[in-house]
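In: Give me the fold of what follows.
(chains A, B, C and D)
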2 protein chains.
Amino acid sequence: MSVPRRPRLEDVAALAGVSRALVSIVIRDAPGASAATRERVRRAADQLGYRPDTRARMLSRSRTRLLGVVFGVQHAFHGDLVDGLYAAASGAGYDLALSAVTPRRDEDDAVAGLLQDRCEAMILLGPRTPAAQLAQLTARLPVVVLARHVRDRAVDVVRTDDAAGLHLAVGHLASLGHRRIAHIDGGRAAGAAERRRGYREAMRHHGLAAHEQIVGGGLTEDDGAAAAADLLHGQPPTAVTVFNDRCATGVLHTLRAGGLDIPGDISIVGFDDSRLAQLSHVDLTTVAQDVDRLATLAVGRAVARLDGKPVDRRELVVPPRLVVRTTTTEAQPGAPTTSRTLL
Amino acid sequence: MSVPRRPRLEDVAALAGVSRALVSIVIRDAPGASAATRERVRRAADQLGYRPDTRARMLSRSRTRLLGVVFGVQHAFHGDLVDGLYAAASGAGYDLALSAVTPRRDEDDAVAGLLQDRCEAMILLGPRTPAAQLAQLTARLPVVVLARHVRDRAVDVVRTDDAAGLHLAVGHLASLGHRRIAHIDGGRAAGAAERRRGYREAMRHHGLAAHEQIVGGGLTEDDGAAAAADLLHGQPPTAVTVFNDRCATGVLHTLRAGGLDIPGDISIVGFDDSRLAQLSHVDLTTVAQDVDRLATLAVGRAVARLDGKPVDRRELVVPPRLVVRTTTTEAQPGAPTTSRTLL
DNA sequence: TTGAAAGCGCTAACAA
DNA sequence: TTGTTAGCGCTTTCAA
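Out: So this is what the prediction gives:
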């Protein structure tokens, strides 16, 4: 049984009794065909189930209308961003080429794959790639770094105002009467330095400089779990701001497993407002990043570069917003001040 | 400043002083060129930084060597599978085209996107698409369903022996002395029916038919949290097998939040052995799916179909394996038998 | 071993 | 409004 070959432009033309060019015009909704012809061509195309060949189109247009996206497949927040990026890209008439960073596929692999796909621009989610290398990549195609601060002037950045986010978090806790507020940081992760700085500034701003306490964390749940244990070896704070939701989740569950009441004994604030924070058994007070806005700006910036439009500010900073859920409450007079051994 | 156009085959040919065809041969490592020529062409290509244009190549070869993958961007286990698929595909000389299912992008969208990318075959991770529709898709290109049972004879399937997995789980619990073992199921999720069946069979096999208790769950953490609450409205079991790790995590944390000791009061067994189960603060006893084997088989099957090789068994079933961690322990004589109100 | 030439399926400039 | 004609960059016969 012979497989019916996929219909080509030519087949449609033949059926409709017109030239290939005409069909191309109709298919692309380009001007230059009468309504009657359009109708006839459309009908023929439908009848044949014609679908234009993207590759041939890309080749002749010498454009792919493809935006490459590098994301961490294990990172819940990246999943949220990808959702936003799909929406933003299709709004701008582009498609997304996804390239995942996995345990066995690093960022360089992911970027290389995208380069091969001939995407026109690249959007990197919280990349760990050094700034110099990113700048180098920018020489090949427009690159937008999403959710990470990059000092290098050559790289476009769209990110949340991380420092402001920590001002919100600390302010919230301070207004609840907390004074001993610790910060579990993200180490060298994207955004970590900014959030650390925001925490310090905010603590000083609230006259709590003496209570500053930064605990080494990271971006995974396990990092949070380890940090939670660390935290409680000394004099435990009454509240903690955590680098991100994943890490905060680790902190939350570890403290609870250790017998502490959250938020009774310790209040916790996360960062991202990823789906993780919204789970009913987590229900984390957190600093929300405006995913749709970040995604829209990132796509917009990539497209602007492709269109050669002038760009005023290289870095676009989106304000965060505090989402209060159930992991924060007023400081308890009798909060634990002695260290306890957990786990 | 003019952008230096990407070098083409022709540029390399000119520099090396040979014809385009020769360059093509050398680049593809095809036979038909002397060692000397090869060397000369290679040097020229390197000097120009030549990279073949994938699209043009796809077009003329009328092959893309692209395997489409539909996955859930929020699903940790899918992330694990994607990692395995990248490895397996590159081993087979194929590339992956990722298409994500997100809150605003359903499976149909994801499949449509891949169809447009002209991938040669498709691998769907735990799809919800009805069997009939999958069968229809198979008429267009080879489709491999990964991690879901499909009765329709037209669809290739690679999956874990879900029922056997529940035999392992129940057997483990039974050997620890548990009798009242409940199952929190996955509803209509991929694999749920098989796991439910496996649970029932295993309970009977161990003479525990009288203790069968199936609680409606789902595949997310929130589903698990809700089920945990339900579970305890009646007479709580001493152990539960849960549809998957995500759901089990919700169960675990909800029970703990309610004051129960896990595994002291209730033992919990998950399914998948996704990264979630391996987190230190979760450390879930679970039924592990052999991710690399599943991925390798799925890619192998897709490639076999593309090569037109005969395929003996339409469905490839991989045995699971039990991973005992810290959420299961021996049944306690004094385990709670009265209902408690949680949350 | 090498080169010429004909596509792959589509777009776009130009003529009619 | 329509059709003709070159490409887009590569692969792949078929001759030389």
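In: which ones are touching the closest residue to A:A288 other than its chain neighbours?
Out: In space, and not counting its chain neighbours, A:A288 is closest to A:D273: 3.4 Å by CB to CB, 6 or more residues apart in numbering or on different chains. C-beta: built from backbone N, CA, C; applies to glycine. Shown in contact with A:D273 (CB atoms under 8 Å, 6 or more residues apart in numbering or on different chains): A:245, A:286-289, A:323.
In: And for A:A302?
Out: Applying CB under 8 Å, 6+ apart, the residues near A:A302 are A:67, A:120-123, A:142, A:144, A:156.
In: And for A:H75?
Out: A:125-126, A:219, A:246.
In: mind running it again at 10 Å?
Out: A:81-82, A:101, A:125-126, A:219-220, A:244, A:246, A:272, A:274, B:73, B:79 (CB atoms under 10 Å, 6 or more residues apart in numbering or on different chains).
In: DNA strand C versus the residue lying closest to A:I214 once chain neighbours are set aside, what's the distance?
Out: Excluding the flanking residues, the one nearest A:I214 by CB to CB, 6+ apart is A:H183, at 5.1 Å. Separation of A:H183 from DNA strand C (CB to the nearest atom of the strand, to the nearest Å) stands at 53 Å.
In: where does A:H183 fall, phi/psi-wise?
Out: phi -130, psi 130 (degrees, to the nearest 10).
In: how many other residues sit next to A:P319?
Out: 12 (other CB atoms under 10 Å in any protein chain shown).
In: ok, how many other residues are close to the nearest residue to it once chain neighbours are set aside?
Out: Excluding the flanking residues, the one nearest A:P319 by CB to CB, 6+ apart is A:D161, at 5.4 Å. A:D161 has 17 neighbours, counted by other CB under 10 Å.
In: Please verify my assumption that A:D161 contacts A:E194.
Out: Yes: counting by CB atoms under 10 Å, A:D161 touches A:E194, with 8.2 Å between them.
In: Which parts of chain A are strands?
Out: A:66-72, A:95-101, A:121-125, A:143-146, A:156-160, A:181-184, A:213-215, A:239-242, A:267-272, A:285-288, A:315-318, A:321-323 (DSSP state E).
In: Check whether stretch A:10-28 comes into contact with DNA strand D.
Out: Yes: using CB under 7 Å from any atom of the strand, stretch A:10-28 reaches DNA strand D at A:18-22, A:25.
In: Quick one: residues contacting the residue nearest to A:I214.
Out: Contacts of A:H183 (CB under 10 Å, 6+ apart): A:166, A:169-170, A:195-196, A:198-200, A:202-203, A:212-215, A:217, A:237, A:239-243, A:269.
In: residues near the nearest residue to A:R197 once chain neighbours are set aside, how many?
Out: Excluding its sequence neighbours, the residue lying closest to A:R197 (CB to CB, 6+ apart) is A:A163, at 5.5 Å. Using other CB under 10 Å, the number of residues around A:A163 comes to 22.
In: do the same with A:G207
Out: 10.
In: so how far is B:R293 from it?
Out: Going from A:G207 to B:R293 by CB to CB, to the nearest Å gives 59 Å.
In: A:R180 too?
Out: Using CB to CB, one gets 50 Å for the distance from A:R180 to B:R293.
In: the more surrounded of the two?
Out: More crowded of A:R180 and B:R293, by other CB under 10 Å: A:R180, with 20 against 16.
In: So that one sits against A:Q332, correct?
Out: No: using CB under 10 Å, A:R180 is not in contact with A:Q332; the gap is 11.8 Å.
In: Which neighbours do those two have in common?
Out: Common neighbours of A:R180 and A:Q332 (CB under 10 Å, 6+ apart) are A:238, A:266.
In: Contact partners for A:L279?
Out: A:76, A:245, A:249, B:220-222, B:224-225, B:246, B:249-250, B:253.
In: May I ask you to confirm that A:H206 is in contact with A:A169?
Out: No: taking contacts as CB under 10 Å, A:H206 lies outside contact range of A:A169: 11.4 Å.
In: Model confidence at the nearest residue to A:R246 once chain neighbours are set aside, what's the number?
Out: Leaving out its chain neighbours, the residue that sits closest to A:R246 by CB to CB, 6+ apart is A:E221, at 5.3 Å. Among the per-residue scores, A:E221 holds a pLDDT of 95.
In: do the same with A:P310
Out: On the pLDDT scale, A:P310 gets 89.
In: same check, this time on A:P142
Out: For A:P142, pLDDT reads 95.
In: Tell me, how many residues neighbour the closest residue to DNA strand D within the stretch 201-343 of chain A?
Out: DNA strand D sits closest to A:L306 of the stretch 201-343 of chain A, with a gap of 16.6 Å, by CB to the nearest atom of the strand. A:L306 has 17 neighbouring residues, counting by other CB under 10 Å.
In: how many neighbours does the closest residue to A:T160 other than its chain neighbours have?
Out: Distance criterion CB to CB, 6+ apart; nearest residue to A:T160, sequence neighbours excluded, is A:Q289 at 4.5 Å. Using other CB under 10 Å, A:Q289 has 27 neighbouring residues.
In: picking that back up, let me have the residues of stretch A:10-28 next to DNA strand D in TSV, adding pLDDT and distance to B:T138 as columns.
Out: TSV is the format used below for those (pLDDT from 0 to 100; distance: CB to CB, whole Å):
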residue	pLDDT	distance to B:T138
A:V18	89	34
A:S19	88	35
A:R20	88	31
A:A21	88	35
A:L22	89	34
A:I25	91	34
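In: Just the buried ones out of these, please.
Out: Burial by neighbour count, judged by 16 or more other CB atoms under 10 Å in any protein chain shown, picks out A:18, A:22, A:25 from those.
In: re earlier: neighbour count winner among A:H206 and A:A169?
Out: Remark: of A:H206 and A:A169, A:A169 carries more neighbours, 30 against 18, as counted by other CB under 10 Å.
In: Kindly provide the distance from the more buried one to DNA strand C.
Out: 50 Å.
In: likewise A:L279?
Out: 45 Å.
In: quick one: contacts for A:E201?
Out: A:163-164, A:166-167, A:170.
In: I'd like to know which of the residues you listed is nearest to B:A112.
Out: When those are ranked by distance to B:A112 (CB to CB), A:A164 comes first, at 39.5 Å.
In: Run through the residues that contact the residue nearest to A:T160.
Out: A:77, A:80-81, A:147, A:159-162, A:165, A:191, A:244, A:271-274, A:318-321.
In: rerun that using 7 Å as the cut-off
Out: Applying CB atoms under 7 Å, 6 or more residues apart in numbering or on different chains, we find A:Q289 in contact with A:160, A:272-273, A:320.
In: hmm, back to that, return the most buried member of the strands of chain A.
Out: strand A:239-242 (a mean of 31; mean count of other CB atoms under 10 Å in any protein chain shown).
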